[in-house]
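Undergrad: I'll drop the sequence and a predicted model, then ask my questions.
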Amino acid sequence: MSDKTMTADEVVSRLHSGMTLGIGGWGSRRKPMALVRALLRSDITDLTVVSYGGPDVGMLAAAGRIRRLVAAFVTLDSIPLEPHYRAAREHGAFELMEIDEAMFMWGLRAAANRLPFLPVRAGIASDVMRVNPGLRTVTSPYEDGETFVAMPALRMDAALVHLGRADRLGNGQYLGPDPYFDDLFCEAADSAYLSCERIVDTAELTKEAHPQSLLVKRLNVTGVVEAPAGAHFTSCAPDYGRDEDFQRLYASTPWAEFSERFMAGDEQAYASAVRNWQEEQG
């Protein structure tokens, strides 16, 4: 067993243009934003992004880094439709495969189990099949003879996720109310990078929490990054909630202006810029 700790920039150095990248979390909840910001500081582009989308997708879309997006939605939760994503999509900036949430989950499960597809009822008799003409159906070989959508595996070159705690070996723990399928993202990718609020000793992971909270297993993790407030401005319960004021600023500010003020430097520069803005607000 080896120490898998690295920096966010070291994670990005292992990524490359043209790859398929999965991003965990859900909407504007527990997104690996420190890793996304590091990605935006690089020149990596032409990405296929797989995500239950939030500001991760919005920022990458606004910066012109996405070639193709696979998503069930792109939302900021308290702001129903991610505005930077919407603007990029309205200008035809990237291809979109929009599917049902259950279809997305089954695609992750298929990839995690190294299957080419899994049958799912979601999507039958809906416009999902019309807007995704590449999807196919499959008929049960048993007496029922039921027809299902054959949801293709969402296989990824790399995945980025954020959790509350982790050890140096790559075991990751969630302490909030929902796993958000981050374990499936890690299992469905060739390599997986886990950022966390705090790295602790392995024994500490179960000292005050149940073993079931150990969502991500070390065998599925390539690298671990300690990133306090690494999900900001999305939530990371129970450590902090969504920064609604800052999210409203992000949603209402043109991307070029927001990026120049908050995204130009490293994580320390980002944190400093956020603090300065908060002080301006009184």
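TA: Cool, got the structure.
Undergrad: for the helix ranked longest in the chain, packing partners?
TA: Using DSSP state H to define each element, the chain has its longest helix at helix 267-280. In terms of contacts (3 or more C-beta pairs under 8 Å, 6 or more residues apart in numbering; DSSP states H and E), helix 267-280 is packed against helix 33-40, helix 244-252, helix 255-262. From N, CA and C alone the C-beta is placed, and that goes for glycine too.
Undergrad: and the longest one, what does it pack onto?
TA: Contacting helix 244-252 under the criterion 3+ C-beta pairs under 8 Å, 6+ apart are the following elements: helix 83-90, helix 267-280.
Undergrad: which one of these is the most hemmed in?
TA: Burial of the helices and strands packed on helix 244-252 is given as mean neighbour count (mean count of other C-beta atoms under 10 Å); helix 83-90 ranks first at a mean of 18.
Undergrad: what is that helix packed up against?
TA: helix 55-62, helix 244-252.
Undergrad: for Leu154, find the nearest of the helices and strands packed on helix 267-280.
TA: Counting by C-beta to C-beta, Leu154 lies closest to helix 33-40 out of the helices and strands packed on helix 267-280; the figure is 18.8 Å.
Undergrad: export the helices and strands packed on helix 244-252 to a markdown table and tack on mean pLDDT and distance to Gly58?
TA: Shown next, in a markdown table, are these (pLDDT from 0 to 100; distance: least, C-beta to C-beta, whole Å):
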| stretch | mean pLDDT | distance to Gly58 |
| --- | --- | --- |
| helix 83-90 | 97 | 4 |
| helix 267-280 | 96 | 16 |
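Undergrad: give me the mean pLDDT for the helix or strand hosting Ala159.
TA: Ala159 is part of strand 156-166 when elements are defined by DSSP states H and E. Taken as a whole, strand 156-166 has an average pLDDT of 98.
Undergrad: what of stretch 54-73?
TA: For stretch 54-73, mean pLDDT is 98.
Undergrad: before we move on, what about stretch 21-32?
TA: Average pLDDT, stretch 21-32: 98.
Undergrad: distance between it and the chain's centre?
TA: Relative to its chain's centre, stretch 21-32 lies at 3 Å (C-alpha atoms, centre = their mean, to the nearest Å).
Undergrad: again with stretch 11-23
TA: Mean-position distance between stretch 11-23 and its chain equals 12 Å (C-alpha atoms, centre = their mean).
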